[in-house]
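Enquirer: Have a look at this prediction, sequence included:
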Amino acid sequence: MKFGRRQFFRIGAGAFAGAALLQLNVANTINTALYEKLSFNLLTDIMPVASFMRVPNVMEVTPSLPVKTVPEFIAYAKANPGKISYASSGVGSSLHMSGELFKALAKVEMTHVPYRGIGAGGLADLMTGVVHVAFDNLPS
C-alpha cells in the first residue's frame, strides 16, 4: 500500500502517541482540522516538551511577472483575478495553507496547483512561468 505524506504523518503520529519521544511537524496540526477521526488526540495524548526548530515559508514569484515586491504582486493579482496560479507541495500541506492564508489576507483570487512536493515539478514550473507563484520552505 502506498501512502502519501499526509497519511504517513497521520498514521505515524497515531502509532507513536504515548511514546517516550516523538517529533511533530505542522502536518500533525493540520491533520486535526482535516480528519474527523484520528487514532490520537493531539491536545491530550501528546505533551509538548520543546520547540527546537522553526522553518519559515516564503513566497516565490516567476521572473516573467512584472512585479518585484509583495504590494506590486497583490496589485497585479487584483488586476488579473483568477489568472494567477500558485504551486504548493500538495493539498493540506503547510505550503498550501500559506497560499490560502495569503489569498485571504490579500483578498486575491489564485488557483491552487498541488504538486507531489514543491521540488517535484513545482519549482521548475515556477521558473518557466507555468505557475506564477509558489509558497515554499525557506531552506529549499
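Expert: Looks like it came in fine.

Enquirer: And the contacts of stretch 63-77?
Expert: Outside stretch 63-77, the residues that touch it by Cβ atoms under 8 Å, 6 or more residues apart in numbering are 59, 61, 84, 106, 108-110, 127, 129, 132-133. Glycine gets a C-beta too; all of them are placed from N, C-alpha and C.

Enquirer: Stretch 46-62 now?
Expert: 13, 17, 21-22, 24, 40, 67, 70, 73, 94-95, 98, 102, 123, 126-129, 131-139.

Enquirer: tell me which residues of stretch 60-78 are tucked away?
Expert: 60-62, 65, 67, 73-74, 76-77 (16 or more other Cβ atoms under 10 Å).

Enquirer: Between the two ends of that stretch, how far is it?
Expert: By Cα to Cα, to the nearest Å, the extent of stretch 60-78 from end to end equals 18 Å.

Enquirer: Could you do stretch 88-99 as well?
Expert: Note: stretch 88-99 ends 8 Å apart using Cα to Cα.

Enquirer: Regarding the residue positioned nearest the centre of the chain, what is its secondary structure?
Expert: Centroid-nearest residue in the chain: L95, 1.6 Å away (criterion: Cα atoms, centre = their mean). Per DSSP: H, G, I helix; E, B strand; the rest coil, the secondary structure class of L95 is helix.

Enquirer: How about M59?
Expert: Applying three-state DSSP: M59 is strand.

Enquirer: what about it, how many neighbours?
Expert: 14 (other Cβ atoms under 10 Å).

Enquirer: That one pairs with what?
Expert: F135 (DSSP bridges).

Enquirer: Which of the contacts of stretch 46-62 fall within strands?
Expert: 133-137 (DSSP state E).

Enquirer: Give me the buried entries from those residues.
Expert: For the ones in strands among the contacts of stretch 46-62, buried by 16+ other Cβ under 10 Å: 133-136.
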